[in-house]
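Participant: 3D, please:
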Amino acid sequence: MTKIPLYYAVLQYMPDPIRQEKINVGIAIHLPTEKYSSFIETTNKRRIYNFDDEYDPDYIKMMFEAFHFEFDSVSLDFEAGDDRFSSISSINYLPEKTKFYVNEFQFMATNNIMANSDSLTEDIHDIMRTYLYYDLPKNKRISQKNVRQLLSKRIKQLNLQEHIIKPQEQSTAFETSKIVFDFKTPSAFVKTLSLDYKTLPRLSSQLKIDVFDISQASSQSSITKLDLVLNNNVDETYFNSVIPELENWIKEFSSIKEINTFKLSSYTENLEKGIY
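Facilitator: Purely as a prediction, here's the structure:
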């Protein structure tokens with residue numbers, strides 16, 4: 001098994017420079033040691049349509065074709081003087097190619113992970129699940145375990161294990177040994193959750209269990225700050241209605257006074273910036 005540096009930059013669409021609202025619509029992938037790069041576009045065009053009231057499908061299609069032309073090294077249809085991939089072996093390949101996009105389409109800062117040669121496809125899929133989460137079919141629900149695994153994997157890839165650790169087991173009223181919090185940063189405890197349940201009663205039951213465990217665990221130590229990290233593919237209306245109530249429950253029944261709630265992609269972006 002060989003470690004391969006994998007670089008990626010997330011493409012965001014910002015139709016209105018005044019509002020500054022953006023959505024993720026693609027990812028540029030680069031493997032310098034393999035002399036390979038590609039562009040992965042979102043398959044959920046309806047989300048772009050719902051996001052932009054002046055959505056022009058022909059324009060979006062044209063731009064995506066341009067990104068594929070610029071980044072897909074496998075389609076080596078060169079003409080004389082074509083130097084699109086002349087620096088593909090350089091680690092600065094993506095930053096140099098993406099820095100010129102500053103209007104409706106903008107790339108986030110380039111990040112990298114050390115991928116395994118025998119699980120390269122899986123590592124790229126994890127990046128897609130993190131940033132292009134709305135591409136996933138609704139029947140492929142994201143469990144709390146999935147959120148925890150994706151976050152744990154990213155922490156390891158960023159070599160943050162010394163700063164973000166797994167806390168000790170706590171006792172609850174019904175269990176003498178249980179992992180209640182998933183991680184501990186220098187400033188807060190971290191709890192991963194999923195709101196991706198088929199029915200509201202099932203979600204409500206699970207959240208009540210989580211609130212109970214948090215209240216029991218927080219009473220055993222001086223926990224006052226909590227970061228909640230949720231699955232990405234949550235409907236905004238659903239998110240905005242459930243989360244405030246959940247935060248109120250936790251504050252009412254525990255010693256925790258400050259709660260910050262993130263979707264997995266946002267929390268991951270903070271980690272990449274050194275914010276935790």
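
Participant: could you check how many residues crowd around the closest residue to F51 other than its chain neighbours?
Facilitator: Using Cβ to Cβ, 6 or more residues apart in numbering and skipping the chain neighbours, the partner closest in space to F51 is I23 (5.3 Å). C-beta here means a position set from N, CA and C on the backbone, and glycine is covered the same way. Neighbourhood size, I23 [other Cβ atoms under 10 Å]: 17.

Participant: roughly how far does I23 sit from Y49?
Facilitator: Going from I23 to Y49 by Cβ to Cβ, to the nearest Å gives 11 Å.

Participant: that older thread, got the contact list for the residue nearest to F51?
Facilitator: Applying Cβ atoms under 8 Å, 6 or more residues apart in numbering, one finds that I23 lies in contact with Q12, Y13, R47, I48, F51.

Participant: farthest pair in these?
Facilitator: Q12 and R47 (12.7 Å; Cβ to Cβ).

Participant: could you list the low-pLDDT ranges of the protein?
Facilitator: Where the chain drops to pLDDT under 70, the residues are 1, 75-82, 137-141, 169-177, 198, 221, 233-238.

Participant: in the stretch 101-250 of the chain, which spans are strands?
Facilitator: 105-107, 111-116, 183-184, 189-193, 225-230 (DSSP state E, counting those that start in this stretch).

Participant: of the ones you listed, which is nearest D72?
Facilitator: It is, among those and with distance given as Cβ to Cβ, strand 105-107, at 15.7 Å.

Participant: residues making contact with the closest one?
Facilitator: Residues outside strand 105-107 that contact it (Cβ under 8 Å, 6+ apart) are 9-14, 22, 25, 28, 63, 67, 98-99, 101.

Participant: the helices in this protein, which residues?
Facilitator: Here the chain has its helices, by DSSP state H, at 45-51, 57-71, 93-98, 120-131, 144-157, 200-218, 236-253, 264-272.

Participant: format those as TSV; extra columns: distance to V180.
Facilitator: Formatted as TSV, the helices of the chain follow (distance: least, Cβ to Cβ, whole Å):
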stretch	distance to V180
helix 45-51	34
helix 57-71	43
helix 93-98	39
helix 120-131	24
helix 144-157	12
helix 200-218	4
helix 236-253	12
helix 264-272	18
